[in-house]
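In: could you look at this predicted model? Sequence included:
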Amino acid sequence: MSYQYETIEKAIIYLTEHFKEQPDLEAIASSINLSPHHFQRLFTEWVGISPKKFGQYLTLTYAKSLLRDSKQNLFDTAYNTGLSGTGRLHDLFISIEAMTPAEYKNGGKGLSIDYNYQQSQFGEFILASTSIGICHLAFCPVRDQGLSVLKEKFPNAHFSEDLNKAHVLLKNRFIRENKSDDPIILHLKGTPFQLKVWEALLNIESGQVRNYSQLANDIGQDKAARAVGSAIGANPVAYLIPCHRVIRATGVLGDYHWGPTRKLAMIGWEAARLNSRNEF
(Lines give C-alpha, C1' and ligand atoms only; values in the text may rest on other atoms or scores of the structure.)
Protein backbone atom coordinates (compact mmCIF):
# COMPACT_ATOMS: atom_id res chain seq x y z
CA MET A 1 0.00 0.00 0.00
CA SER A 2 2.84 2.42 0.89
CA TYR A 3 4.49 1.58 -2.44
CA GLN A 4 1.31 2.56 -4.27
CA TYR A 5 1.15 5.85 -2.38
CA GLU A 6 4.78 6.63 -3.20
CA THR A 7 4.07 5.89 -6.86
CA ILE A 8 1.07 8.20 -6.94
CA GLU A 9 3.05 10.88 -5.09
CA LYS A 10 5.76 10.74 -7.78
CA ALA A 11 3.11 10.99 -10.50
CA ILE A 12 1.52 14.04 -8.88
CA ILE A 13 4.93 15.72 -8.52
CA TYR A 14 5.65 14.99 -12.19
CA LEU A 15 2.30 16.42 -13.27
CA THR A 16 2.75 19.50 -11.11
CA GLU A 17 6.20 20.18 -12.56
CA HIS A 18 5.35 19.38 -16.21
CA PHE A 19 1.70 20.34 -16.74
CA LYS A 20 2.70 23.23 -19.03
CA GLU A 21 4.09 20.61 -21.42
CA GLN A 22 0.65 18.93 -21.50
CA PRO A 23 2.17 15.41 -21.13
CA ASP A 24 0.09 12.50 -22.40
CA LEU A 25 -0.70 9.34 -20.45
CA GLU A 26 2.27 7.46 -21.88
CA ALA A 27 4.75 10.15 -20.82
CA ILE A 28 3.44 10.32 -17.26
CA ALA A 29 3.35 6.52 -16.88
CA SER A 30 6.86 6.23 -18.28
CA SER A 31 8.17 8.70 -15.70
CA ILE A 32 7.25 6.27 -12.90
CA ASN A 33 7.99 3.05 -14.84
CA LEU A 34 4.43 1.78 -15.19
CA SER A 35 2.37 0.74 -18.17
CA PRO A 36 -0.20 3.36 -19.22
CA HIS A 37 -3.12 1.01 -18.45
CA HIS A 38 -1.86 0.10 -14.97
CA PHE A 39 -1.00 3.70 -14.15
CA GLN A 40 -4.40 5.01 -15.30
CA ARG A 41 -6.24 2.50 -13.09
CA LEU A 42 -4.00 3.04 -10.05
CA PHE A 43 -4.10 6.85 -10.26
CA THR A 44 -7.88 6.97 -10.64
CA GLU A 45 -8.39 4.64 -7.67
CA TRP A 46 -6.17 6.73 -5.39
CA VAL A 47 -6.98 10.27 -6.53
CA GLY A 48 -10.60 9.82 -7.61
CA ILE A 49 -10.12 11.35 -11.07
CA SER A 50 -8.06 10.42 -14.12
CA PRO A 51 -4.49 11.72 -14.68
CA LYS A 52 -5.79 13.74 -17.65
CA LYS A 53 -8.47 15.41 -15.53
CA PHE A 54 -5.94 16.12 -12.76
CA GLY A 55 -3.64 17.77 -15.29
CA GLN A 56 -6.56 19.82 -16.60
CA TYR A 57 -7.26 21.15 -13.12
CA LEU A 58 -3.61 22.16 -12.74
CA THR A 59 -3.74 23.92 -16.11
CA LEU A 60 -7.02 25.62 -15.25
CA THR A 61 -5.75 26.87 -11.90
CA TYR A 62 -2.69 28.37 -13.57
CA ALA A 63 -4.78 29.87 -16.39
CA LYS A 64 -7.04 31.52 -13.81
CA SER A 65 -4.05 33.11 -12.11
CA LEU A 66 -2.91 34.52 -15.46
CA LEU A 67 -6.36 35.80 -16.41
CA ARG A 68 -6.60 37.67 -13.11
CA ASP A 69 -3.63 39.68 -14.39
CA SER A 70 -5.19 42.41 -16.53
CA LYS A 71 -2.11 42.41 -18.79
CA GLN A 72 -2.69 38.81 -19.88
CA ASN A 73 -4.99 38.35 -22.89
CA LEU A 74 -6.53 35.02 -23.91
CA PHE A 75 -3.84 34.24 -26.49
CA ASP A 76 -1.02 34.88 -24.00
CA THR A 77 -2.77 32.76 -21.39
CA ALA A 78 -3.22 29.84 -23.81
CA TYR A 79 0.44 30.04 -24.82
CA ASN A 80 1.77 30.27 -21.26
CA THR A 81 -0.28 27.29 -20.08
CA GLY A 82 1.04 25.05 -22.86
CA LEU A 83 -2.21 24.92 -24.82
CA SER A 84 -2.13 25.10 -28.61
CA GLY A 85 -4.49 28.06 -28.86
CA THR A 86 -7.41 29.97 -27.44
CA GLY A 87 -9.80 27.28 -28.72
CA ARG A 88 -8.31 24.71 -26.35
CA LEU A 89 -8.32 27.24 -23.53
CA HIS A 90 -12.02 27.86 -24.21
CA ASP A 91 -12.77 24.12 -24.22
CA LEU A 92 -10.87 23.68 -20.95
CA PHE A 93 -12.91 26.35 -19.18
CA ILE A 94 -16.22 25.11 -20.59
CA SER A 95 -15.54 21.48 -19.59
CA ILE A 96 -14.43 22.25 -16.03
CA GLU A 97 -15.55 25.77 -15.08
CA ALA A 98 -18.81 25.82 -17.14
CA MET A 99 -17.98 29.30 -18.39
CA THR A 100 -15.74 30.79 -21.06
CA PRO A 101 -12.30 32.19 -20.16
CA ALA A 102 -13.55 35.65 -21.20
CA GLU A 103 -16.47 35.33 -18.78
CA TYR A 104 -14.08 34.31 -16.01
CA LYS A 105 -11.76 37.23 -16.76
CA ASN A 106 -14.74 39.61 -16.77
CA GLY A 107 -15.72 38.44 -13.28
CA GLY A 108 -19.47 38.67 -13.79
CA LYS A 109 -19.33 41.92 -15.78
CA GLY A 110 -22.80 42.81 -17.02
CA LEU A 111 -24.57 40.82 -14.30
CA SER A 112 -26.97 42.55 -11.97
CA ILE A 113 -27.21 40.74 -8.64
CA ASP A 114 -29.73 41.46 -5.90
CA TYR A 115 -28.89 40.34 -2.38
CA ASN A 116 -30.38 40.54 1.09
CA TYR A 117 -30.01 38.93 4.51
CA GLN A 118 -32.52 36.53 6.00
CA GLN A 119 -32.94 34.74 9.31
CA SER A 120 -33.43 31.01 9.86
CA GLN A 121 -33.29 28.66 12.83
CA PHE A 122 -29.80 27.74 11.60
CA GLY A 123 -28.53 31.31 11.62
CA GLU A 124 -28.54 34.35 9.38
CA PHE A 125 -27.68 33.85 5.72
CA ILE A 126 -27.02 36.04 2.70
CA LEU A 127 -29.09 35.32 -0.40
CA ALA A 128 -28.27 36.53 -3.91
CA SER A 129 -29.95 36.18 -7.27
CA THR A 130 -29.65 37.24 -10.90
CA SER A 131 -32.57 37.86 -13.26
CA ILE A 132 -32.55 34.10 -13.92
CA GLY A 133 -32.58 32.74 -10.39
CA ILE A 134 -30.80 32.28 -7.07
CA CYS A 135 -27.03 32.09 -7.51
CA HIS A 136 -25.71 32.20 -3.95
CA LEU A 137 -26.83 31.29 -0.43
CA ALA A 138 -24.36 31.28 2.43
CA PHE A 139 -24.61 31.45 6.21
CA CYS A 140 -22.82 34.52 7.50
CA PRO A 141 -22.31 35.27 11.22
CA VAL A 142 -20.68 38.54 10.08
CA ARG A 143 -22.63 40.43 7.41
CA ASP A 144 -19.70 42.28 5.89
CA GLN A 145 -17.79 39.03 5.54
CA GLY A 146 -20.74 37.36 3.80
CA LEU A 147 -21.01 40.21 1.31
CA SER A 148 -17.24 40.17 0.69
CA VAL A 149 -17.35 36.47 -0.23
CA LEU A 150 -20.22 37.11 -2.65
CA LYS A 151 -18.36 39.97 -4.32
CA GLU A 152 -15.23 37.84 -4.63
CA LYS A 153 -17.24 35.34 -6.67
CA PHE A 154 -18.57 38.06 -8.99
CA PRO A 155 -16.06 40.92 -8.69
CA ASN A 156 -17.33 42.92 -11.65
CA ALA A 157 -21.09 42.47 -11.20
CA HIS A 158 -23.45 45.25 -10.12
CA PHE A 159 -24.91 44.63 -6.65
CA SER A 160 -28.10 45.96 -5.09
CA GLU A 161 -29.48 45.15 -1.65
CA ASP A 162 -33.08 44.31 -2.49
CA LEU A 163 -35.83 41.90 -1.45
CA ASN A 164 -36.99 40.84 -4.90
CA LYS A 165 -39.67 38.31 -5.84
CA ALA A 166 -37.30 35.33 -5.70
CA HIS A 167 -36.12 36.37 -2.25
CA VAL A 168 -39.66 36.79 -0.94
CA LEU A 169 -40.58 33.36 -2.30
CA LEU A 170 -37.62 31.79 -0.55
CA LYS A 171 -38.35 33.71 2.65
CA ASN A 172 -41.82 32.14 2.68
CA ARG A 173 -40.62 28.62 1.88
CA PHE A 174 -37.05 28.17 3.04
CA ILE A 175 -36.98 25.97 6.15
CA ARG A 176 -40.55 26.94 7.09
CA GLU A 177 -41.68 24.86 4.08
CA ASN A 178 -44.70 27.01 3.27
CA LYS A 179 -46.12 25.50 0.12
CA SER A 180 -46.41 27.42 -3.14
CA ASP A 181 -46.93 26.56 -6.78
CA ASP A 182 -44.07 28.87 -7.75
CA PRO A 183 -40.79 26.97 -8.15
CA ILE A 184 -37.52 28.22 -6.70
CA ILE A 185 -35.27 28.76 -9.72
CA LEU A 186 -31.50 28.39 -9.35
CA HIS A 187 -28.86 30.04 -11.53
CA LEU A 188 -25.75 27.94 -10.92
CA LYS A 189 -22.35 27.58 -12.50
CA GLY A 190 -20.78 24.15 -12.28
CA THR A 191 -19.09 21.42 -14.24
CA PRO A 192 -21.23 18.61 -15.67
CA PHE A 193 -19.95 16.36 -12.87
CA GLN A 194 -20.80 18.91 -10.18
CA LEU A 195 -24.28 19.43 -11.61
CA LYS A 196 -24.83 15.67 -11.59
CA VAL A 197 -23.80 15.46 -7.92
CA TRP A 198 -25.99 18.43 -6.98
CA GLU A 199 -28.95 16.83 -8.74
CA ALA A 200 -28.36 13.62 -6.77
CA LEU A 201 -28.31 15.65 -3.55
CA LEU A 202 -31.72 17.08 -4.42
CA ASN A 203 -33.06 13.52 -4.64
CA ILE A 204 -32.20 12.81 -0.98
CA GLU A 205 -35.44 13.27 0.90
CA SER A 206 -35.65 15.54 3.94
CA GLY A 207 -34.83 13.60 7.10
CA GLN A 208 -32.71 11.04 5.23
CA VAL A 209 -28.93 10.78 4.83
CA ARG A 210 -26.54 9.12 2.37
CA ASN A 211 -22.82 8.52 2.55
CA TYR A 212 -20.28 9.61 -0.05
CA SER A 213 -19.92 6.14 -1.57
CA GLN A 214 -23.68 5.75 -1.90
CA LEU A 215 -23.94 9.11 -3.60
CA ALA A 216 -21.13 8.19 -5.98
CA ASN A 217 -23.03 5.00 -6.81
CA ASP A 218 -26.23 7.02 -7.33
CA ILE A 219 -24.59 8.90 -10.20
CA GLY A 220 -22.95 5.81 -11.69
CA GLN A 221 -19.43 6.74 -10.48
CA ASP A 222 -18.91 4.18 -7.72
CA LYS A 223 -15.14 4.84 -7.45
CA ALA A 224 -15.42 8.63 -7.38
CA ALA A 225 -16.32 9.19 -3.72
CA ARG A 226 -13.50 11.72 -3.28
CA ALA A 227 -14.53 13.66 -6.37
CA VAL A 228 -18.12 13.58 -5.10
CA GLY A 229 -16.90 15.10 -1.84
CA SER A 230 -15.21 17.93 -3.76
CA ALA A 231 -18.38 18.61 -5.75
CA ILE A 232 -20.40 18.71 -2.52
CA GLY A 233 -17.94 21.21 -1.08
CA ALA A 234 -18.44 23.45 -4.12
CA ASN A 235 -22.21 23.72 -3.56
CA PRO A 236 -23.01 27.45 -4.02
CA VAL A 237 -26.45 27.42 -2.37
CA ALA A 238 -26.40 26.11 1.20
CA TYR A 239 -29.39 24.04 2.32
CA LEU A 240 -31.29 24.49 -0.98
CA ILE A 241 -28.98 21.84 -2.38
CA PRO A 242 -28.88 19.66 0.76
CA CYS A 243 -25.19 18.79 1.06
CA HIS A 244 -25.77 18.51 4.82
CA ARG A 245 -27.55 15.18 4.19
CA VAL A 246 -24.29 13.41 3.26
CA ILE A 247 -22.26 11.71 6.00
CA ARG A 248 -19.32 9.32 6.13
CA ALA A 249 -19.87 5.58 5.77
CA THR A 250 -18.84 5.14 9.42
CA GLY A 251 -21.78 7.26 10.53
CA VAL A 252 -19.57 10.21 11.44
CA LEU A 253 -21.02 13.50 10.19
CA GLY A 254 -17.88 14.50 8.30
CA ASP A 255 -16.84 17.97 7.21
CA TYR A 256 -19.30 20.76 6.53
CA HIS A 257 -18.44 24.22 5.27
CA TRP A 258 -20.81 25.87 7.73
CA GLY A 259 -19.63 23.87 10.74
CA PRO A 260 -20.48 20.41 12.15
CA THR A 261 -22.84 21.82 14.78
CA ARG A 262 -25.01 23.48 12.13
CA LYS A 263 -24.95 20.28 10.05
CA LEU A 264 -26.08 18.21 13.03
CA ALA A 265 -28.83 20.72 13.79
CA MET A 266 -30.11 20.52 10.20
CA ILE A 267 -30.14 16.71 10.15
CA GLY A 268 -31.77 16.51 13.57
CA TRP A 269 -34.38 19.15 12.72
CA GLU A 270 -35.37 17.39 9.51
CA ALA A 271 -35.48 13.98 11.19
CA ALA A 272 -37.69 15.36 13.97
CA ARG A 273 -40.12 16.86 11.45
CA LEU A 274 -40.23 13.57 9.54
CA ASN A 275 -40.94 11.58 12.73
CA SER A 276 -43.68 14.00 13.81
CA ARG A 277 -45.42 13.63 10.46
CA ASN A 278 -45.18 9.85 10.63
CA GLU A 279 -46.89 9.83 14.02
CA PHE A 280 -50.17 11.05 12.54
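Out: Perfect, thanks for sending it.

In: low-scoring stretches of the stretch 151-280 of the chain, by residue?
Out: Within the stretch 151-280 of the chain, the segments meeting pLDDT under 70 span 173-182, 274-280.

In: quick one: the helices in it, in order.
Out: In the stretch 151-280 of the chain, the helices defined using DSSP state H, counting those that start in this stretch lie at 165-173, 192-202, 212-218, 225-233, 260-278.

In: out of the ones you listed, nearest to residue 139?
Out: Between residue 139 and the helices of the stretch 151-280 of the chain, the shortest separation by CB to CB is 6.9 Å, and it involves helix 260-278. (C-beta placed from N, C-alpha, C; glycine too.)

In: who's in contact with that closest one?
Out: With contact meaning CB atoms under 8 Å, 6 or more residues apart in numbering, helix 260-278 is reached by 121-123, 139, 206-209, 239, 244-245, 247, 253, 256.

In: run the chain-centre distance for that helix.
Out: Taking CA atoms, centre = their mean, to the nearest Å, one finds helix 260-278 lying 24 Å from the centre of the chain it belongs to.

In: what do you get for stretch 196-215?
Out: Between the centre of stretch 196-215 and the centre of its chain there are 15 Å (CA atoms, centre = their mean).

In: next, the distance between the ends of it.
Out: Start-to-end span of stretch 196-215 (CA to CA, to the nearest Å) is 10 Å.

In: make 22 the first number, not 1, from now on.
Out: Will do, 22 is the new start, and the previous item becomes stretch 217-236.

In: quick one: buried residues of it?
Out: 217-219, 221-222, 225, 228, 230-233, 235-236 (16 or more other CB atoms under 10 Å).

In: now do it: everything it contacts.
Out: Identification of contacts with stretch 217-236 by CB under 8 Å, 6+ apart yields 209, 211, 239-240, 243, 246-247, 249-250, 252-253, 256, 262-264, 266-270, 275, 288, 291-292, 294-296.

In: on that earlier part again, of the contacts of helix 281-299, closest to residue 29?
Out: Relative to residue 29, the closest of the contacts of helix 281-299 is residue 268; by CB to CB it sits at 26.7 Å.
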